[in-house]
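S.K.: Can you look at this prediction? I've put the sequence above it.
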Amino acid sequence: MTWEGVRGGMSGSGLRVHNSLTNENEVFVPAEGKQVKWYTCGPTVYDACHMGHARAYLTFDILRRIVEDYLHYDVLFQVNITDIDDKIIKRARQNALLELFVEEGEAAGGLPYVQQYVARGALALRASLEAKVDAAAAGEDEADAEALEEERYKLAAYQQHLIEAEEREARTLEEVVAQGAEALAFSLEVERGHVLNAHDVFEAHARKYEGDFFEDMDRLGIRRPDVVTRVTEFVPEIVAYIARIMSNGYAYASSGSVYFDTEAFHGAGHTYRKLVPSTAAGGAVDIDGGANELGKRNTRDFALWKASKEGEPAWASPWGDGRPGWHIECSVMASDVLGAHMDIHGGGLDLKFPHHDNELAQSEAHYNCHEWVKYFLHAGHLHIKGLKMSKSLKNFITIRQALEEHTPRQLRLMFLLQAWDKGMNYSDQAIEEAKSKESSLRNFFSLVNVTCSSPGLVGSQGWTEEDRAMQSMIAGTQDAVHNGFLDNFNTPASMTAIFRLISEVNKYVTRPGFKSLLVRKAADYIAKIFSVLGVVVPSDEGAGGGGAEGSGEESVKLVGALVGFRDRVRAAARGAVPAAGVLAECDFLRDDVLPDLGIRVEDKSDGAPSQWTRDNPKVLKQEIVEMRAQKEAAARLKSQRAVDAAAKQATKLCGVSVAATDYFLRGVHEGKWQVGGENNLPVALADGSELTKGQVKSNLKDLANYSKSVQKVGADVFNERHALDVIDKASHS
């Protein structure tokens with residue numbers, strides 16, 4: 001089979017994926033040949049998207065691109081939007097109540113009225129947080145221990161907030177509302193939440209954050225799904241789906257809600273909790289985010305339909321007005337589009353239980369089957385410098401905040417450099433590595449565009465051993481990347497192979513007689529792979545496949561001549577008196593003139609000709625800013641080291657600032673001895689007492705050591721004034 005045939009879109013592509021259902025890497029074989037039905041859990045649109053969302057959606061975008069664009073499967077990719085749930089209801093209602101309250105506060109007496117309300121709310125909120133800490137402390141398993149940590153953190157954070165608010169002493173109505181918003185929202189929710197249940201309040205909130213979500217995804221370069229489904233648009237289908245589960249004997253109604261019957265499901269030969277098996281009877285329980293728990297037959301049962309309380313939106317059903325449970329939505333929407341079976345279901349690792357386990361159970365109960373999903377893919381956790389990202393722990397970073405500091409390409413490269421199904425760190429080190437790789441890519445493609453810009457072929461085209469080695473390197477890279485993709489989407493291994501090839505090509509083009517056709521072959525392959533992965537797209541500057549953007553052959557020759565002239569000037573200046581001034585002018589040309597023209601010049605330390613490439617002027621100027629900052633930091637460090645060295649030298653100088661002939665007359669020896677002879681050696685103690693043999697021996701040893709110190713420092717620096725001069729000069733260098 002040919003290389004391209006191996007990489008074709010047939011079911012026997014050899015792809016192996018880590019299936020969370022079996023916890024093993026399995027051969028990927030879709031149910032319908034090249035057709036792949038893929039569902040990924042979408043966002044709950046109640047707040048801004050953070051880097052945890054990026055971890056999931058960027059990860060699955062990369063995997064999807066490999067499956068679609070590299071292996072050429074026909075993928076139907078569906079994502080849901082959870083636009084009604086407890087978080088959305090709470091956040092939307094609190095925002096609306098807070099807005100109404102501010103208007104009421106101004107009309108009812110203004111600042112004093114609001115201050116009193118905030119004070120009451122603060123006491124109630126603190127009591128609620130303390131109660132949650134006590135409840136979490138009563139738990140016994142690891143999940144409860146993690147919950148306890150989060151509840152304690154939230155309590156401590158709120159107590160600190162109260163202290164800081166008291167210190168700031170808000171004076172205006174706006175300041176009081178801003179500082180007490182959390183307490184106000186909590187109090188208003190308890191006292192007045194029951195009066196606000198209009199659907200448009202919750203819909204407007206959800207649509208706002210849904211729009212923000214897709215805007216963030218577009219900025220990250222994430223391919224739009226083929227199908228998007230919203231929960232609120234599927235309520236009739238959800239009701240019918242639940243009715244089918246009930247008729248199959250796997251659910252029951254109670255107090256206006258409907259619960260999934262885990263005992264009946266298990267008794268019929270099904271397995272409940274396939275992804276996170278329960279290790280003990282009555283293990284971790286899903287209470288479905290505050291559903292009415294009255295009337296449940298088993299603590300493990302979960303809500304399919306939740307009776308709406310006052311202040312919540314409601315839809316009609318045979319069991320009373322209510323709303324869908326959290327898990328049922330995905331089962332219904334995925335079934336509506338993809339049918340009774342899907343090939344891939346994706347989501348974050350934190351959704352394994354309860355969400356995905358409950359999805360599996362209720363879907364198998366609906367279809368009376370034992371395999372609703374064939375391959376479950378779970379993206380690993382994102383950690384902020386080693387800490388799992390959590391809004392409750394206040395260590396999350398929004399996607400928009402991340403994009404203020406880093407480019408979408410840098411973030412994508414960061415994900416590609418780490419395993420998709422393992423935990424990964426969002427850290428300075430990870431970002432710096434991604435920046436380095438991005439810079440390598442830019443430099444590589446710019447170099448290729450320059451070295452391969454001639455329309456003709458220069459020199460002999462017969463292959464040398466070096467050319468054969470380069471071809472072998474290209475072929476080996478293709479195999480390594482291909483095998484990495486097939487090995488559970490092992491992008492770190494594939495990236496290692498790609499950047500090794502880039503390094504080798506960079507060396508290859510410096511050798512006389514290199515073949516531009518081989519360089520272009522390598523560049524086209526690398527551009528193709530990075531296009532598949534969403535890192536390089538055809539519109540990118542210098543992305544391979546063409547000449548230097550915005551320049552023809554004449555421009556290339558002109559720039560080459562200019563850089564060559566600069567090299568000659570630098571060489572001449574090295575042997576002339578005004579060399580420093582000429583070199584400074586050359587550096588000004590390199591750092592201040594050419595970057596504005598989109599030209600990067602790199603000097604070679606071994607005296608080889610300077611190398612130039614084209615790039616985005618903004619990128620080049622930013623590089624210059626960072627380079628100068630690094631040089632300034634290095635200069636400051638060098639100056640500080642000089643000062644430290646001078647101080648150390650001064651200490652030595654002060655220690656040998658006495659001539660050897662005066663050694664026993666000054667310092668610690670002054671007044672201790674009677675001296676005599678040419679070298680003023682001690683002949684007796686100060687009171688005339690005779691010296692012991694030990695004292696004579698010790699004095700001679702001390703003088704010998706001192707003489708060595710004098711010789712080491714140098715006779716020309718024997719005064720403290722010179723030591724101070726050394727320090728002064730170093731501090732001003």
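M.R.: Looks like it arrived, so ask away. Owing to the predicted nature of the structure, the values given are computational and were not obtained by experimental measurement. Numbers count the residues shown, from 1 in each chain.
S.K.: where exactly do the helices run in the stretch 151-300 of the chain?
M.R.: Taking DSSP state H, counting those that start in this stretch, the helices of the stretch 151-300 of the chain run over residues 173-179, 181-192, 199-219, 235-247, 262-267.
S.K.: and the shortest one, what does it pack onto?
M.R.: Put plainly, it is helix 262-267. Under the contact criterion of 3 or more CB pairs under 8 Å, 6 or more residues apart in numbering; DSSP states H and E, helix 262-267 touches helix 357-367. Placement of C-beta: from N, CA and C, glycine included.
S.K.: chain center to the helix or strand that the helix it packs on is followed by, what's the gap?
M.R.: As assigned by DSSP states H and E, the chain's next helix or strand after helix 357-367 is strand 373-379. Distance of strand 373-379 from its chain centroid, counting by CA atoms, centre = their mean, to the nearest Å, is 23 Å.
S.K.: for stretch 691-708, same thing?
M.R.: 66 Å.
S.K.: And stretch 186-199, by the same measure?
M.R.: 37 Å.
S.K.: buried sites along stretch 349-363?
M.R.: 349, 351-363 (16 or more other CB atoms under 10 Å).
S.K.: mean confidence score for it?
M.R.: The average pLDDT within stretch 349-363 is 96.
S.K.: Let me see the residues that make contact with that stretch.
M.R.: With CB atoms under 8 Å, 6 or more residues apart in numbering as the test, stretch 349-363 has contacts from 20, 41, 245, 250, 260, 262, 265, 270, 272-276, 284, 286, 288, 302, 304, 326-328, 330-331, 334-335, 345, 347, 372-373, 376, 378-381.
S.K.: burial count for Ser439?
M.R.: 14 (other CB atoms under 10 Å).
S.K.: So, low pLDDT: which residues of the stretch 351-500 of the chain?
M.R.: 386-388, 390-395 (pLDDT under 70).
S.K.: Okay, helices next: where are they in the stretch 351-500 of the chain?
M.R.: Using DSSP H, counting those that start in this stretch, helices in the stretch 351-500 of the chain cover 357-367, 399-405, 408-416, 428-451, 465-486, 491-508.
S.K.: Need the contact partners of the shortest one.
M.R.: So that's helix 399-405. Contacts for helix 399-405 (CB under 8 Å, 6+ apart): Ala48, Cys49, His50, Met51, His53, Ala54, Asp216, Arg219, Leu220, Leu411.
S.K.: Phe213 is in contact with the second one, correct?
M.R.: The one in question is Cys49. Yes - Cys49 is within contact range of Phe213, at 5.4 Å (criterion: CB atoms under 8 Å).
S.K.: what's the overlap in contacts for those two?
M.R.: The contact lists of Cys49 and Phe213 share Pro43, where a contact means CB under 8 Å, 6+ apart.
S.K.: Could you give the bridge partners of the nearest residue to Val373 once chain neighbours are set aside?
M.R.: Using CB to CB, 6 or more residues apart in numbering and skipping the chain neighbours, the partner closest in space to Val373 is His345 (4.4 Å). Assessed by DSSP bridges, His345 has beta-bridge partners Tyr39, Phe376.
S.K.: how near is His345 to Leu275?
M.R.: 10 Å (CB to CB, to the nearest Å).
S.K.: so Pro225 makes contact with Ile81?
M.R.: No - using CB under 8 Å, Pro225 makes no contact with Ile81, being 10.2 Å away.
S.K.: got the angle between the helix or strand hosting Asp134 and helix 181-192?
M.R.: Using DSSP H and E, Asp134 sits in helix 111-137. Helix 111-137 and helix 181-192 are oriented at 90 degrees to each other (axes from the mean of the first three to the mean of the last three CA atoms, to 10 degrees).
S.K.: What residues does the closest residue in space to Glu504 that isn't next to it in sequence make contact with?
M.R.: Leaving aside its chain neighbours, Glu504 sits nearest to Met473 (5.3 Å; criterion: CB to CB, 6+ apart). Going by CB under 8 Å, 6+ apart, Met473 touches Leu501, Glu504, Ala522.
S.K.: Please state the offset of the helix or strand containing Leu100 from the chain centre?
M.R.: Leu100 is located in helix 86-107, with elements delineated by DSSP H and E. Put simply, helix 86-107 sits 34 Å off its chain's centre (CA atoms, centre = their mean).
S.K.: Let me know how buried Glu466 is, in neighbour terms.
M.R.: 16.
S.K.: can you give me the strands in the stretch 201-350 of the chain?
M.R.: Secondary structure of the stretch 201-350 of the chain by DSSP state E, counting those that start in this stretch: the strands cover 227-230, 251-254, 257-260, 302-307, 322-324, 342-348.
S.K.: Any chance of these in a markdown table with mean neighbour count and distance to Ala198 as columns?
M.R.: Shown next, in a markdown table, are these (neighbours: other CB atoms under 10 Å; distance: least, CB to CB, whole Å):
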| stretch | mean neighbour count | distance to Ala198 |
| --- | --- | --- |
| strand 227-230 | 17 | 18 |
| strand 251-254 | 20 | 27 |
| strand 257-260 | 26 | 22 |
| strand 302-307 | 27 | 19 |
| strand 322-324 | 25 | 14 |
| strand 342-348 | 24 | 32 |
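S.K.: For these, please prepare JSON lines with the additional fields distance to Val536.
M.R.: Shown next, in JSON lines, are the strands of the stretch 201-350 of the chain (distance: least, CB to CB, whole Å):
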{"stretch": "strand 227-230", "distance to Val536": "27"}
{"stretch": "strand 251-254", "distance to Val536": "50"}
{"stretch": "strand 257-260", "distance to Val536": "47"}
{"stretch": "strand 302-307", "distance to Val536": "45"}
{"stretch": "strand 322-324", "distance to Val536": "42"}
{"stretch": "strand 342-348", "distance to Val536": "24"}
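S.K.: Go through the ones you listed and name the closest to Ile238.
M.R.: Set against Ile238 and scored by CB to CB, the strands of the stretch 201-350 of the chain come closest in strand 322-324, at 4.8 Å.
S.K.: Please name every helix or strand in contact with that closest one.
M.R.: Strand 322-324 packs on helix 235-247, strand 302-307, going by 3+ CB pairs under 8 Å, 6+ apart.
S.K.: closest to Phe60 out of those?
M.R.: Using CB to CB, the nearest of the helices and strands packed on strand 322-324 to Phe60 is helix 235-247, at 24.6 Å.
S.K.: Show me how this structure divides into domains.
M.R.: The chain breaks down into these domains under automatic domain parsing: 22-82+209-388, 87-198, 427-532, 568-615, 637-731.
S.K.: residues contacting the spatially most central residue of the chain?
M.R.: When CA atoms, centre = their mean is applied to the chain, the residue found nearest the centroid is Tyr426 (3.3 Å). Residues near Tyr426 by CB under 8 Å, 6+ apart: Met51, Leu382, His383, Ile384, Lys385, Met389, Ile397, Met414.
S.K.: just the buried members of those?
M.R.: Met51, Leu382, His383, Ile384, Met389, Ile397, Met414.
S.K.: Report the separation between the residue nearest to the centre of the chain and Gly221.
M.R.: From Tyr426 over to Gly221 (counting by CB to CB), the distance is 18 Å.
S.K.: In contact with Met51: list those residues for me.
M.R.: Leu382, Ile384, Met389, Phe396, Ile397, Thr398, Ile399, Ala402, Tyr426.
S.K.: Skipping its backbone neighbours, what lies nearest the fifth one in space?
M.R.: In space, and not counting its chain neighbours, Ile397 is closest to Met51: 4.9 Å by CB to CB, 6+ apart.
S.K.: quick one: contacts for Phe214?
M.R.: Arg224.
S.K.: Check the gap between it and Asp61 for me.
M.R.: From Phe214 to Asp61 the distance is 13 Å (CB to CB).
S.K.: next one: Ala686
M.R.: For Ala686, the distance to Asp61 - CB to CB - is 89 Å.
S.K.: quick one, which of those two is more surrounded?
M.R.: Taking neighbours as other CB under 10 Å, Ala686 and Asp61 compare with Asp61 leading, 24 against 11.
S.K.: Work out for me the element the more buried one sits within.
M.R.: helix 51-65.
S.K.: For that helix, what does the pLDDT average out to?
M.R.: 96.
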